[in-house]
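Novice: I would like to see how this sequence folds:
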Amino acid sequence: DRNRIINELTGFGYIASADVMNKTFSISKVKMIYNDSSKAFISDGEIGLATLAKTGINKSSPGTLMIKSYGGKFEDVFGIFIEPTANDYIYFKFVGSTLNYLASDLNCVDKIKETAPKTEKMKKDYKLQQSTVEEVAKIKMKQVE
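Specialist: Next comes the predicted model:
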């Protein structure tokens, strides 16, 4: 599994296999800066991917990580956009108990859609929702609301 993942990252610049979507990943080497106007922490520079499941990756990609807390007034927000190549990306944004997602790889999007009913059934207050290209563009450009 490790060799396949490394080969895909090296050859394609991204992980082509949609089956990796049900795995835990760890991010690393992220420099965060507090943005006064948006009142959020926003990454500066590349996003490091340390592990995928139990596989060590240790690669960096352009992207944005954003964390915003409303201090109990509204639901907190965590967003991540990773762009391993100029034409490939994956995006997740958690708002409370809703996971917004989108990816350039339609197999990846379909895999998430397939898991949505099972996830929502297991966690009744949890919702998976496909995002829009416009929403992805906002986080890519580090525009936080």
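Novice: pLDDT of stretch 108-128, averaged?
Specialist: Averaged across stretch 108-128, pLDDT comes to 81.
Novice: buried ones in that stretch?
Specialist: 108-109, 111-112, 116, 128 (16 or more other Cβ atoms under 10 Å). For glycine as for every other residue, the C-beta is placed from the backbone atoms N, C-alpha and C.
Novice: likewise for stretch 78-95?
Specialist: Neighbour-count burial for stretch 78-95, counted by 16+ other Cβ under 10 Å, picks out 79-84, 88-95.
Novice: which of these fall within strands?
Specialist: Among the buried residues of stretch 78-95, the members falling in strands are 79-84, 88-95 (criterion: DSSP state E).
Novice: as CSV, those with distance to residue 57 and pLDDT would be great.
Specialist: Shown next, in CSV, are these (distance: Cβ to Cβ, whole Å; pLDDT from 0 to 100):
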residue, distance to residue 57, pLDDT
79, 21, 92
80, 15, 92
81, 17, 92
82, 12, 89
83, 16, 89
84, 11, 82
88, 16, 87
89, 17, 89
90, 14, 88
91, 18, 92
92, 17, 91
93, 22, 92
94, 22, 90
95, 27, 89
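Novice: helices of the protein, start to end?
Specialist: With DSSP state H as the criterion, the chain has helices at 2-12, 106-122, 133-140.
Novice: low pLDDT regions in the chain?
Specialist: Where the chain drops to pLDDT under 70, the residues are 1-23, 71-73, 145.
Novice: which residues are in contact with residue 75?
Specialist: Residues near residue 75 by Cβ atoms under 8 Å, 6 or more residues apart in numbering: 95-97.
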